[in-house]
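Chemist: let's see this in three dimensions:
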Amino acid sequence: MRIRSSMSTAADPLIQTTTRPQIEVTEPPMFRVIYINDNTTAMEFVIDSLMEHFHYTTEDAEQMTINIHQSGSAIVAVLPYEIAEQKGIEITVSARSAGYPLQIKLEPDQ
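Modeler: Okay, here's the model as predicted:
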């Protein structure tokens, strides 16, 4: 003999559950993009790369290039890691294609 329960196995349509995902959104870490001076890379190439990749004005790019040359290196931008890394790769590929040994360094921004 089977006893039939009055309880249904289907979900009760009057009961609703609400789930709230606990997502913690944090700002991406910022990184400094640093140009390293060398005695081979043309200043024109550096100026052009600053204007193309970082949207410097001609005057600002020229001043930054002089700063890189005199100081040996300079921070040219502070960007989220993925963007900084992509810019570094693009500039390095462009420099190598033009025959220049320009080096780009990334470091965390404190």
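
Chemist: in the lengthiest helix in the chain, what counts as buried?
Modeler: Using DSSP state H, we find that the single longest helix of the chain is helix 81-97. The neighbour-count check on helix 81-97 (16 or more other CB atoms under 10 Å) flags 84, 87, 88, 91, 94, 95 as buried. Heads up, the C-betas are built off the backbone N, CA and C, glycines and all.

Chemist: what are the contacting residues of whichever strand or helix holds residue 59?
Modeler: Using DSSP states H and E, residue 59 sits in helix 58-71. By CB atoms under 8 Å, 6 or more residues apart in numbering, the surrounding residues in contact with helix 58-71 are 35, 36, 37, 43, 46, 47, 48, 50, 51, 56, 74, 76.

Chemist: swap the cut-off to 10 Å and go again
Modeler: Residues outside helix 58-71 that contact it (CB atoms under 10 Å, 6 or more residues apart in numbering) are 34-39, 41-52, 54-57, 73-76, 102.

Chemist: any quick ChimeraX command for the buried ones out of those?
Modeler: Burial among those is assessed by 16+ other CB under 10 Å; the matching ChimeraX selection reads:
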select :34,35,37,41,45,46,47,48,49,50,54,56,74,76,102
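
Chemist: OK, contacts around the residue nearest the centre of the chain?
Modeler: For the chain, residue 83 is the residue whose C-alpha lies nearest the centre (CA atoms, centre = their mean; 2.2 Å). Taking CB under 10 Å, 6+ apart as the criterion, residue 83 is in contact with 28, 30, 31, 33, 77.

Chemist: redo those residues as JSON lines? Include pLDDT, neighbour count and distance to residue 65.
Modeler: JSON lines is the format used below for the contacts of residue 83 (pLDDT from 0 to 100; neighbours: other CB atoms under 10 Å; distance: CB to CB, whole Å):
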{"residue": "28", "pLDDT": "86", "neighbour count": "11", "distance to residue 65": "28"}
{"residue": "30", "pLDDT": "97", "neighbour count": "15", "distance to residue 65": "23"}
{"residue": "31", "pLDDT": "98", "neighbour count": "22", "distance to residue 65": "21"}
{"residue": "33", "pLDDT": "98", "neighbour count": "23", "distance to residue 65": "14"}
{"residue": "77", "pLDDT": "98", "neighbour count": "18", "distance to residue 65": "14"}
